[in-house]
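Undergrad: Build the 3D model from these lines:
(2 chains)
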Amino acid sequence: MVSEAIAVRKLTKTYAARQGSVVALEDISFSIGEAEFVAVVGPSGCGKSTLLKILAGLLATTMGEAFLRGSLISGPRRDIGVVFQAPVLFPWRTVLDNVLLPVDVQGLGRQAHERAALDLLRLVHLDGFEHRYPWELSGGMQQRVAITRALIHDPAMLLMDEPFGALDAMTREHMNLELQRIWLEKRKTVLFITHSIPEAVFLADRVLVMTPRPGCIMDDVRVNIPRPRPLEVMNTPGFGEYVRVIRKQFNIRGGLDG
Amino acid sequence: MKTNTRNLILTVALFCVSIGTWEAVVRFFQIPQFILPAPSQVTLALWRGLSSGLYLRHLYVTLLETLLGFVLGSALGFFLGTAVAMSRWVEYFFYPYIVMFQSLPKVALAPLILIWFGLGLTSKVVNAALVAFFPLLVNTMVGLRSADEERVSLMRSLAARDSQIFWMLRLPNALPFVMAGLDVAMIFALIGAIVAEFVGAQSGLGMLIQSMNFTMDVSGQFSVLLILSVLGLLLNRCILLLRRRVLFWDPSEKQQPQPLGKVRHEGPAACSARSRCRAADPGRRRHGPDQGARRLVRAHDFRGHDSVRHRHQARLVQERGNRGRADSPSRLDGLHDQRGHP
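TA: Numbers count the residues shown, from 1 in each chain, chains lettered A, B, ... in the order given. Modelled structure (predicted):
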């Protein structure tokens, strides 16, 4: 494996609640290699989003620690790009200004990055839309703007929290293809959170399977399907086998049905 | 186009018929001029007042008082609202007093303000500002606090400073609220100025109404009321224009925003998503959405603004109610008393 981009060591997160405390994550350890695409699947409420927030530096850990390229994650940092479930665009900014938000926040120099922003917009097939406002765009287009925004400051890691969860099934499949294409071009380290097993298998090099609360990692499945993967790969027996193996784990635990 | 012309004709006809009926009723029943003047008499009074320059002079005074009070009150409300929203400390120690002050009918303060600031312009401006400042305070406060949690998370994940979150997110996000507050504050300022003039003034339309009341010049009063309502309407239009300019990005400002017809990659999926989204919208207003529709709406990023709109419309309604209370029936009682005297 290539060098470690993310290392998580014995991570535990508990939330204070009215009756005692709730353990969201328990003793999680894993590492992600440089330029690796790792998906995390798990039922709702298994602490996937908590994990992402910790890695994004938005939440403090209760115990254990996480490292990004060898440096401890202790708060928000500038070398991480986050894509949330909703596009979270600012309606008073044009598409281009939305993409340049990290540049503005981090004072990286607008002029130097405008070219890059336009290139990225071309990469996600949104050229010609740079002066539109978010409400003029469809849901899929908005989410692509959000992905572009997460890439503009050239982060070391891309964190994606169910980015296509709010899209309808067809747009979602299309976005999966797009994301794979973008990833093949940019080769970022990606942590992709989803509750869709086929989506995880389709996109990822490795799938981390999480248990229901308290969340811990019960399996780490390496997906050996050559890239670029076309959508038809989903109909192959090999793909089906991966999905079946992962789903079976949830059924044993009674986490998911079907 | 055809229906437009028809509607215009109907509107004009309705106006003529109602004015004509009013005139006919007054003449037929010989209603005394000091109870209900005929429209012709009101028009005559309006003409006399305007041509002599009397109304314009007083209109200028009232307009000046209103605008100064509006600017002063809005600025005060905006800064106090920002302070309360941004600082727990300020909120904890000052907000209770602000709420207490708001529960006080500020019209009742007018006599006191007159004693403190005299019969001139200042007392009217202060009164107008006092009445106008609260809607802005509350709206600014709510607006700044209503920034979407996910947007705040996004800013934090970019390692944004608090000041950046304020300027780049909270403030623009509060603008629809602030504009709604300005809308109300403008009319409130006019009320504040008129009430202060009632209590004691040397000039102004409120003073004019008062003095006409003493001389039983009811048609004159009607004509001034007409001027006041036109003034209120114009001031309101000004705010509306400002609002359109400032909130150009807010889809709810436009009539029926049309998402781009040009869909490049999503194809029919995106179209159906969008039409479903729009179809879900009216239902959402009435009974709340089903889960699927809500998620789609989320994806379209309309959610934040729709709820903003709904909330501040609710606030507007509430404040319109307050306004109704603000011009309390005491003035009407006064009129009755005076009518009884002669």
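Undergrad: what's the most centrally placed residue in chain A in contact with, if anything?
TA: With distances taken as CA atoms, centre = their mean, the residue of chain A nearest its centroid is A:Met160 (1.9 Å). Applying CB atoms under 8 Å, 6 or more residues apart in numbering or on different chains, we find A:Met160 in contact with A:Val82, A:Val83, A:Ala150, A:Val190, A:Leu191, A:Phe192, A:Ile193. Yep, even glycine has a C-beta here, placed from its N, CA and C like the rest.
Undergrad: One more pass at 6 Å, please.
TA: A:Val83, A:Phe192 (CB atoms under 6 Å, 6 or more residues apart in numbering or on different chains).
Undergrad: Okay, the nearest residue to A:Ala117 once chain neighbours are set aside and B:Gly81: tell me how far apart.
TA: In this structure, A:Ala117 finds its nearest non-sequential neighbour in A:Val99, 4.6 Å apart by CB to CB, 6 or more residues apart in numbering or on different chains. With distances taken as CB to CB, to the nearest Å, A:Val99 is found 32 Å from B:Gly81.
Undergrad: With B:Ala147 instead?
TA: Applying CB to CB to B:Ala147 and B:Gly81 gives a distance of 14 Å.
Undergrad: Please say which of those two ends up with more neighbours.
TA: Higher neighbour count among B:Ala147 and B:Gly81: B:Gly81, with 28 against 20, using other CB atoms under 10 Å in any protein chain shown.
Undergrad: shouldn't that one be in contact with B:Val142?
TA: No: counting by CB atoms under 6 Å, B:Gly81 does not reach B:Val142; the two are 8.4 Å apart.
Undergrad: Show me what the helix or strand containing B:Ala189 is packed against.
TA: Take DSSP states H and E as the rule and B:Ala189 turns out to sit in helix B:171-199. Judged by 3 or more CB pairs under 6 Å, 6 or more residues apart in numbering or on different chains; DSSP states H and E, the packing partners of helix B:171-199 are helix B:54-86, helix B:110-117, helix B:121-145, helix B:205-214, helix B:218-246, helix B:303-326.
Undergrad: Please tabulate these in JSON lines, including the columns mean pLDDT and distance to A:Arg18.
TA: Shown next, in JSON lines, are the helices and strands packed on helix B:171-199 (pLDDT from 0 to 100; distance: least, CB to CB, whole Å):
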{"stretch": "helix B:54-86", "mean pLDDT": "95", "distance to A:Arg18": "28"}
{"stretch": "helix B:110-117", "mean pLDDT": "93", "distance to A:Arg18": "49"}
{"stretch": "helix B:121-145", "mean pLDDT": "93", "distance to A:Arg18": "24"}
{"stretch": "helix B:205-214", "mean pLDDT": "93", "distance to A:Arg18": "56"}
{"stretch": "helix B:218-246", "mean pLDDT": "93", "distance to A:Arg18": "43"}
{"stretch": "helix B:303-326", "mean pLDDT": "41", "distance to A:Arg18": "27"}
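Undergrad: Can you redo those helices as JSON lines, where the extra columns are distance to chain A?
TA: JSON lines is the format used below for these (distance: least, CB to the nearest CB, whole Å):
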{"stretch": "helix B:54-86", "distance to chain A": "18"}
{"stretch": "helix B:110-117", "distance to chain A": "39"}
{"stretch": "helix B:121-145", "distance to chain A": "13"}
{"stretch": "helix B:205-214", "distance to chain A": "39"}
{"stretch": "helix B:218-246", "distance to chain A": "10"}
{"stretch": "helix B:303-326", "distance to chain A": "6"}
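Undergrad: quick one, what contacts residue 188?
TA: All of this refers to chain A. A:Leu158.
Undergrad: try again with chain B
TA: Residues counted as contacts of B:Phe188 (CB under 6 Å, 6+ apart) are B:Val131, B:Ala132.
Undergrad: so A:Lys248 is in which element?
TA: Assigned by DSSP H and E, A:Lys248 belongs to helix A:237-253.
Undergrad: returning to that earlier point: out of the helices and strands packed on helix B:171-199, deepest packed?
TA: Comparing the helices and strands packed on helix B:171-199 by mean neighbour count (mean count of other CB atoms under 10 Å in any protein chain shown), helix B:121-145 ranks first with a mean of 26.
Undergrad: how about the following helix or strand past that helix: buried residues?
TA: Using DSSP H and E, the next helix or strand after helix B:121-145 towards the C-terminus is helix B:149-157. Across helix B:149-157, burial judged by 16 or more other CB atoms under 10 Å in any protein chain shown covers B:Glu150, B:Arg151, B:Val152, B:Ser153, B:Leu154, B:Met155, B:Arg156, B:Ser157.
Undergrad: what does the helix or strand following helix B:149-157 rub up against?
TA: Tracing the chain C-terminally past helix B:149-157 and defining elements by DSSP H and E, one meets helix B:162-165 next. Contact with helix B:162-165 is made by A:Val105, B:Met155, as judged by CB under 6 Å, 6+ apart.
Undergrad: Quick check: mean pLDDT of helix B:162-165?
TA: Averaged across helix B:162-165, pLDDT comes to 93.
Undergrad: Kindly indicate whether whichever residue of the stretch 151-258 of chain A sits closest to chain B is helix, strand or coil.
TA: When scored by CB to the nearest CB, the stretch 151-258 of chain A has A:Met170 as its residue closest to chain B, at 3.2 Å. At A:Met170 the chain is in helix, as set by DSSP: H, G, I helix; E, B strand; the rest coil.
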